[in-house]
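Peer 1: Here you go, sequence then predicted model.
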Amino acid sequence: MAEITASMVKELREKTDAPMMECKKALTEAAGDLAKAEEILRVKLGSKATKAASRVAAEGVVAINISADGKLGSILEINSETDFVAKNDEFLKLAADCAALVAERNPADIAALSALPLGDGTVDSVRAGLVGKIGENMTLRRFVRVEAKGRLASYIHGGAKIGVLIDLVGGDEQLAKDLAMHIAAAKPKALDASGVAVELIESERRVAREKAAEDAAKSGKAIPEDILAKRVEGSVQKFMKEVTLLGQPFVKDDKLTVEALLKSRNASIASFTLYVVGEGIEKKVTDFAAEVAAQAAAAKK
């Protein structure tokens, strides 16, 4: 049997917000498999175990660049160790300059972007110089460049911690802005069902089936297979509406889905990109008391 460590329990708790003992039980049942343990908690605790998607785990900003005609744009995430540095003017300028270079020069990846000329050197030399000046590491993480089928619009929220770039065909500027704000608030995983990862759908299907089995065991009544299948697929379809942009209720009028709103305005969404700073990155936790004590001890020496 795999050893369940305190750090494993802590990581699962931070991902799910589930009680400590429930996390330990789930990890034990899953033989230490974190992903499986998260599924087990979702079966037992439902929506209490779904915080992972919205948890920000690193600092930095999202920068967006859109051409004057709205036909070409980019969105980029750059990370720093602390929020203090993420507010630094030189750091923000580096982010803006990099987003502009992505749009203008169309680099293939982060390495290609880092090699592009900037100032008196390259993007990477400017970044390295800033690291040396400020004394804190910073990294370019990801970017997307978009040649619009319609017209691009954007939305930045929470001190540039959340950024949205949307390509709207038809409609108007206000509709594009409203949809970008909706995406920032509702955080869809894809435009429609075709964009949702198969693994995510299968995971939801397993959770629904295991939840139904658990309910049946509690009630002492077996669920016929045909009814179980319908119940599982109903849960999956509900999940798909929650995570696909077109299926979500519009935040400014929950009687309308985004799809219905677009139809009423004779518009469509060609694409969208949502970046949440630090999403998926493990954040370094600093024990400031221990750090100060260590610095004091070093100073005495």
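Peer 2: Looks like it came in fine. In this text the structure is predicted, and so the values were computed from the model without any measurement.

Peer 1: C-alpha only now, for contacts and for neighbours.
Peer 2: OK.

Peer 1: Would you mind listing the buried residues in stretch 213-233?
Peer 2: Neighbour-count burial for stretch 213-233 flags 213, 215, 228-229, 231-233 (criterion: 16 or more other C-alpha atoms under 10 Å).

Peer 1: Show only the entries of those residues found in helices.
Peer 2: Mapping those onto helices (DSSP state H) picks out 213, 215, 228-229, 231-233.

Peer 1: Looking at those, which one is closest to residue 4?
Peer 2: Of all these, residue 4 sits closest to residue 213, with 26.4 Å by C-alpha to C-alpha.

Peer 1: list the contacts for the closest one?
Peer 2: residue 223 (C-alpha atoms under 8 Å, 6 or more residues apart in numbering).

Peer 1: Could you check how far it is from residue 225?
Peer 2: 11 Å (C-alpha to C-alpha, to the nearest Å).

Peer 1: Please apply the same query to residue 124.
Peer 2: On the measure of C-alpha to C-alpha, residue 124 and residue 225 end up 59 Å apart.

Peer 1: Repeat that for residue 238.
Peer 2: 20 Å.

Peer 1: just residue 128 next, same as before
Peer 2: 61 Å.

Peer 1: and if you look at residue 155?
Peer 2: Residue 155 is 46 Å from residue 225, by C-alpha to C-alpha.

Peer 1: Likewise for residue 109?
Peer 2: With C-alpha to C-alpha as the criterion, residue 109 and residue 225 are 49 Å apart.

Peer 1: Need the contact partners of stretch 58-67.
Peer 2: 72-83, 85-86, 92, 95-96, 99-100, 103, 152-154, 156, 159-163, 165, 275-279, 281-284.

Peer 1: Could you turn the buried ones of those into a PyMOL selection?
Peer 2: To isolate the buried subset of the contacts of stretch 58-67 in PyMOL, counting by 16+ other C-alpha under 10 Å, use the following:
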select buried, resi 72+73+74+75+76+77+78+79+80+81+82+85+86+92+95+96+99+100+103+152+153+154+156+160+161+162+163+165+275+276+277+278+279
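
Peer 1: In helices only, show me the contacts of stretch 58-67.
Peer 2: Per DSSP H, those map to helices at 83, 85-86, 92, 95-96, 99-100, 103.

Peer 1: If we only consider the residues you listed, which is nearest to residue 191?
Peer 2: Nearest to residue 191 among these, with distances taken as C-alpha to C-alpha, is residue 103, at 22.8 Å.

Peer 1: thought the closest one was touching residue 70?
Peer 2: No. Using C-alpha atoms under 8 Å, residue 103 makes no contact with residue 70, being 11.6 Å away.

Peer 1: burial of the residue lying closest to residue 268 once chain neighbours are set aside, as a residue count?
Peer 2: Distance criterion C-alpha to C-alpha, 6 or more residues apart in numbering; nearest residue to residue 268, sequence neighbours excluded, is residue 169 at 5.2 Å. Residue 169: 19 surrounding residues under other C-alpha atoms under 10 Å.
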